[in-house]
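Peer 1: Requesting a structural model of the entry that follows:
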Amino acid sequence: MNWDDMRVFLAVARAEGLTAAAPVLKMDPATLGRRVARLEASIGGALFVKSPQGYALTSLGERMRDYAVEAEAALAQAIEIGQAPASGLSGQVRIGAPDGAANFLLPQVCAAIQRDNPDLEVQILALPRVVNLSRREADMAITVSPPAAGRLTVQRVTDYQLHLATRRDAVPIRSLDDLRGRPIVGYIPDMIFDKELDYLGNLGADGVQLASNSVAVQMQMVRHAGVGIVHDFALPAVPELTRVLVDEVNLSRSFYLVRHATDRQSARLTKFAAALVAGLQAEVTRLEEVARLTDAPFI
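Peer 2: Numbers count the residues shown, from 1 in each chain. Presented below is the predicted three-dimensional model:
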C-alpha cells in the first residue's frame, strides 16, 4: 500500500462517489473504480458499500478514513516545514462560512491578511448550510453554533448583534404593532440549517412573506420592501436601511471558528487562524459602531 492509494480512498470517501471524486484527482471514474477495488483486495475487506446513490463507507472504511486523515495532516505538515518561507504565509487556505459572514465580513478581513502575505491564496466557501470539515470541504469554518460531535477544535470568535431594520424612508415603526400588514423578510422556514438563525419568535410573526436562504438576498428584500432581522455588521453595506425598535428587538449571536483537530500542529494554519480571529473581532466591532452611529430616528 502507498500514499497514492490513500489519496484515492480519501477523495472517494469525501465525495461519496467516483464521479464526484474524479475531477478532484484528475482521473476518470473507471480508473478510480479499479484503484478502489485494488485497494480493497490488498486489505482483504470492503471499504465501501456501492449503490446507484454512491459510495458509502463500511465500518472498516470509517476506521481507515480516520487514520488516513491523520496521515494526510502529518504529510501536509511535513511539506509545510520544508516549503515554509522565512516569514509570512503561503499556500492555499479555504474557509467555509454562512453567507452573512461570507458576504459582509470575510472579504475585507481576508483581503487584509492576503495583502500582508502576498504568497497566500485565500478561498471563501459561502454556503447556506454547515460546512463539512470531515470531508475536507474547507480547512476551517465559521459557524453560528459550536459543533456537537466530530474530531474538531472550536474557538469562540466574537458575539454579534442583530436588529429589526427597514428602509429609512419607510412609514415609521414605533412599536411591534406597526409591523402588522407589512411584509416580513426572513429565512425559508424549512431551509433554516441552524436553530440560531430562527428569528421569527422574537417578532411574534406567524410567517414570512418574503423569504430566502441567503442573508444577502434578504437584505435586498428589506431594501426594496419589507421589514426583517438583519446583522448590524451588514447594515453599513446597505445605507438605505436603518435599525428600528432597537430596545424591543435586540438579538445576540456568536461566531465560532472550527478546525480539524489534526491541524493543531500546523503552524501555518494556526497563524492564519489567529489573524482571522483578530480581524473578525475588529471588523464586527467597527461595523456595529457604524450601524449605531447612522441610525435614523423616525420623526
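Peer 1: Residue 31: neighbour count?
Peer 2: 13 (other CB atoms under 10 Å). Glycine gets a C-beta too; all of them are placed from N, C-alpha and C.
Peer 1: Please disregard the earlier target; I meant residue 47.
Peer 2: So residue 47, with other CB under 10 Å, has 22 neighbours.
Peer 1: who's in contact with it?
Peer 2: Residue 47 is in contact with 9, 13, 36, 39, 40, 57, 58, 60, 61, 64, counting by CB atoms under 8 Å, 6 or more residues apart in numbering.
Peer 1: quick one: residue 164 is in a strand?
Peer 2: Yes - counting by DSSP: H, G, I helix; E, B strand; the rest coil, residue 164 is part of a strand.
Peer 1: and it, how many neighbours does it have?
Peer 2: 24.
Peer 1: how about the nearest residue to it, chain neighbours excluded?
Peer 2: residue 249 (4.3 Å; CB to CB, 6 or more residues apart in numbering).
Peer 1: now swap in residue 209 and tell me
Peer 2: Nearest to residue 209 is residue 183, by CB to CB, 6+ apart, at 4.0 Å.
Peer 1: Please look at the one you found and residue 227 and confirm they touch.
Peer 2: Yes - under the criterion of CB atoms under 8 Å, residue 183 makes contact with residue 227 at 7.3 Å.
Peer 1: and stretch 230-245, average pLDDT?
Peer 2: Regarding stretch 230-245, the rounded mean pLDDT is 95.
Peer 1: could I get that stretch in CSV with only the CA atoms?
Peer 2: Below are the C-alpha coordinates for stretch 230-245, written out as CSV (Å, rounded to 0.1, in the frame of the first residue of the first chain):
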residue,chain,number,x,y,z
VAL,A,230,-30.5,41.9,9.9
HIS,A,231,-27.0,41.7,11.1
ASP,A,232,-25.8,45.1,12.5
PHE,A,233,-22.4,44.5,10.8
ALA,A,234,-24.2,44.2,7.4
LEU,A,235,-26.1,47.5,7.6
PRO,A,236,-23.2,49.8,6.5
ALA,A,237,-23.2,47.9,3.2
VAL,A,238,-26.8,48.9,2.6
PRO,A,239,-27.1,52.6,3.6
GLU,A,240,-30.8,52.7,2.6
LEU,A,241,-31.6,50.7,5.7
THR,A,242,-31.8,51.7,9.3
ARG,A,243,-32.4,49.9,12.6
VAL,A,244,-35.8,50.2,14.3
LEU,A,245,-37.2,49.2,17.7
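Peer 1: Now do the buried residues in it.
Peer 2: 230-236, 238, 241-245 (16 or more other CB atoms under 10 Å).
Peer 1: what's it in contact with?
Peer 2: 100, 103-105, 160-169, 173-176, 215, 218-220, 222-223, 227, 283-284, 287-288, 290-292, 294-296, 298.
Peer 1: Buried ones among the residues you listed?
Peer 2: Buried residues within the contacts of stretch 230-245, defined by neighbour count using 16+ other CB under 10 Å: 100, 103-105, 160-167, 173, 215, 218-219, 222-223, 227, 283-284, 287-288, 291.
Peer 1: Restricted to helices, list these.
Peer 2: 100, 103-104, 215, 218-219, 222-223, 283-284, 287-288, 291 (DSSP state H).
Peer 1: just to revisit the earlier point, mind checking which of the contacts of residue 47 are buried?
Peer 2: Among those, the ones that count as buried (16+ other CB under 10 Å) are 9, 13, 36, 39, 40, 57, 61, 64.
Peer 1: Residue 153: which of those residues is nearest?
Peer 2: Nearest to residue 153 among those: residue 13, at 21.6 Å, using CB to CB.
Peer 1: That closest one belongs to a helix, doesn't it?
Peer 2: Yes - counting by three-state DSSP, residue 13 falls inside a helix.
Peer 1: and the closest residue in space to residue 25 that isn't next to it in sequence, what does it touch?
Peer 2: Sequence neighbours aside, residue 11 is the residue nearest to residue 25 in space, at 5.2 Å (criterion: CB to CB, 6+ apart). Counting by CB under 8 Å, 6+ apart, residue 11 touches 21, 24, 25, 32.
Peer 1: so residue 178 touches residue 170, yeah?
Peer 2: No - applying CB under 8 Å as the test, residue 178 and residue 170 come out as separate, 10.0 Å apart.
Peer 1: Just after the helix or strand hosting residue 7, pick out the following helix or strand.
Peer 2: Assigned by DSSP states H and E, residue 7 belongs to helix 3-15. Moving toward the C-terminus from helix 3-15, the next helix or strand (DSSP H and E) is helix 18-25.
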